[in-house]
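Asks: any chance you can model this:
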Amino acid sequence: MAIAKNFAQEGVWGITKYGFTSTSSSLLWTLLISFTYFIFGVNELVPFILNFIFAMGVLSIVYYILCEFKISKLYTLIILLLVMFLTPLPALVFTGMEHILHIFLVILFIYLSVLTILYNKNSIFKYLLILAFLLVMVRYESFFFNYYCFSFIYFRK
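Replies: Below you'll find the predicted structure:
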């Protein structure tokens, strides 16, 4: 939050306003917080609100995917409850960290990868590339996940 505050107010990517320090492991999350600080002002509730929005996004995208594959209402409810409490979304909302954004992007990436593999929808490949970039900007270790998924898509035939 200090990096986001200094970037929004002073234009310096660092924990102090006096110089650059690259101490953030999640560039996209810090940029997102910095953007909201720039628009709405510095407030300690911003990470909580962003996490709440992305948690609702996680549940919404899982619900959409389950409806898309015509899963029954009972199984949909069970799966949504499992996603909510095994992830654990309620606790993660209060951390103020990037994990829920990462979960949201991973689920979206896997869904689009499955569409590409199963239905040969190569038109959404450009969205996979954008999501792969965003995933690495949220968590660096997503690079290996992206590499594995793209390898599987490339060698699917």
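Asks: now do the buried residues in stretch 134-149.
Replies: 134-139, 142, 145-146, 149 (16 or more other CB atoms under 10 Å). Quick note: C-beta positions are derived from backbone N, CA and C, even for glycine.
Asks: lowest-pLDDT helix or strand in the protein?
Replies: Between all helices and strands in the chain, the lowest mean by mean pLDDT, DSSP states H and E belongs to helix 142-154, at a mean of 81.
Asks: now do it: which elements does it pack against?
Replies: In terms of contacts (3 or more CB pairs under 8 Å, 6 or more residues apart in numbering; DSSP states H and E), helix 142-154 is packed against helix 99-119, helix 125-138.
Asks: max pairwise distance over the buried residues of stretch 134-149: which two?
Replies: Using CB to CB, those reach their maximum pairwise distance at Met137 and Cys149, which is 16.4 Å.
Asks: thinking again about what came up before, please identify the most buried of the helices and strands packed on helix 142-154.
Replies: Of all those, helix 99-119 carries the top mean neighbour count, a mean of 18, counting by mean count of other CB atoms under 10 Å.
Asks: report all helices and strands that it contacts.
Replies: Counting contacts by 3+ CB pairs under 8 Å, 6+ apart, helix 99-119 is packed against helix 27-40, helix 46-68, helix 89-93, helix 125-138, helix 142-154.
Asks: report the angle between that helix and helix 27-40.
Replies: 120 degrees (axes from the mean of the first three to the mean of the last three CA atoms, to 10 degrees).
Asks: now do helix 99-119, average pLDDT.
Replies: When pLDDT is averaged over helix 99-119, the result is 91.
Asks: can you tell me which of the buried residues of stretch 134-149 is nearest Thr16?
Replies: Closest approach between the buried residues of stretch 134-149 and Thr16, by CB to CB: Met137, at 23.3 Å.
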